[in-house]
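Enquirer: A predicted structure for the sequence below; I have some questions about it.
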Amino acid sequence: MYLQHFGLSQLPFNLTPDTQFFCDLPTHREALNVLLIALQSGEGFIKITGPVGTGKTMLCRKLLNELPAPFVTAYIPNPHLTAAALHQAIADELGIRYSRNAGQSRTLAQINDYLLNAATLGHKIVLIIDEAQAMPLETLEALRLLTNLETEKQKLLQIVLFGQAELDEVLQKKSIRQLRQRISFSYNLQPLNKQQVADYVLHRLQIAGNTHTDLLGPLTVSALHFYTQGIPRLINILTHKSLLAAYGKGQSKLSWRHVQSAALDTDDTRTRILPWGFRRIFAWLLLLSCTLFIYFWPRLPL
């Protein structure tokens, strides 16, 4: 691989949500602040949405790592469950002992007892659900009913939903309008702009051990932003492939040509065509090279 070639101690662009590489960009920091403030204030429902690949799962893991005591978290990464299976998953996450043969009402009663006991101890229970757009409607309704568990002063359970844009479409359905009305805080993650793309890539390279800040030129950043449209997951994929291409040619810097080759090798980016500006710059550079060669050729010693 290219680790030694670029002075790296680990691969900087893995697709796994490693919070060591969390980049404190404005959109992700704002979303994290919304979550922390909403949870500290005791809100029942919080929603974070964004396009595929914008870093929702990374943000979810960051939240799990940053929530201090007295918060106690339950994390469900795959919520495509029935209502009964959801209750069992929550019980498993909270360490509640229950009989697998117990009915749904019995499991729910045990969850309620656990939450009441946690409240008397000063604990705040937070249920975090990733990929929430995959939840069936009946399970979403069961989730809403869980927020009815409360004392006179506080909610016994706070719920954070992470989901793609389809989650907003699901929540518009009339049958679950009561859940939609209970969402008091929400945030929509946005793709990165061109400067943020550069900051993001250099941050991950630095965390991985690279100390050079000139690895990316302006054209490389522009090409990376154009092909990925600022989506972090695609940035990871194209930069990784670009590093492989540069390493294969023995080059120490990434060019927009490396990015273009990587984009043509990736399903989600290969249909994009670089704007005329890139091709014009390349044509001018080629013309300039030919002109200089023609001009200096007679003067070169034989």
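Expert: Great, that's in hand.

Enquirer: in the chain, which residue is most central in space?
Expert: Centroid-nearest residue in the chain: residue 55, 0.9 Å away (criterion: C-alpha atoms, centre = their mean).

Enquirer: now do the contacts for it.
Expert: Neighbouring residues of residue 55 by C-beta atoms under 8 Å, 6 or more residues apart in numbering: 17, 28, 189, 232-233. Every residue, glycine included, has its C-beta placed from N, CA and C.

Enquirer: mind putting those into TSV with neighbour count and pLDDT?
Expert: Conversion of those to TSV gives the following (neighbours: other C-beta atoms under 10 Å; pLDDT from 0 to 100):
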residue	neighbour count	pLDDT
17	16	91
28	25	92
189	20	95
232	26	96
233	18	96
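
Enquirer: shaky segments in the stretch 201-302 of the chain?
Expert: In the predicted model of the stretch 201-302 of the chain, residues 274-302 satisfy pLDDT under 70.

Enquirer: hey, where'd the helices end up in it?
Expert: Listed in chain order, the helices of the stretch 201-302 of the chain (DSSP state H, counting those that start in this stretch) span 218-228, 232-248, 256-264, 276-296.

Enquirer: buried residues in the second one?
Expert: Going back to what we said before, that points to helix 232-248. Residues of helix 232-248 classed as buried: 232-247 (neighbour count, 16 or more other C-beta atoms under 10 Å).

Enquirer: tell me which of those residues is nearest to residue 261?
Expert: residue 245 (5.4 Å; C-beta to C-beta).

Enquirer: the closest residue to residue 104 other than its chain neighbours: which element?
Expert: Spatial nearest neighbour of residue 104, excluding adjacent residues (C-beta to C-beta, 6 or more residues apart in numbering): residue 84 at 4.5 Å. Residue 84 is part of helix 83-94, with elements assigned from DSSP states H and E.

Enquirer: now the helix or strand that that helix is followed by: how far from the chain's centre is it?
Expert: Next helix or strand after helix 83-94 toward the C-terminus (DSSP H and E): helix 104-120. How far helix 104-120 lies from its chain's middle: 32 Å, per C-alpha atoms, centre = their mean, to the nearest Å.

Enquirer: which strands and helices sit next to helix 104-120?
Expert: The contact analysis (3 or more C-beta pairs under 8 Å, 6 or more residues apart in numbering; DSSP states H and E) places helix 104-120 against helix 83-94, strand 124-129.

Enquirer: give me the angle between that helix and strand 124-129.
Expert: Helix 104-120 and strand 124-129 are oriented at 130 degrees to each other (axes from the mean of the first three to the mean of the last three C-alpha atoms, to 10 degrees).

Enquirer: all good on my end, thank you.
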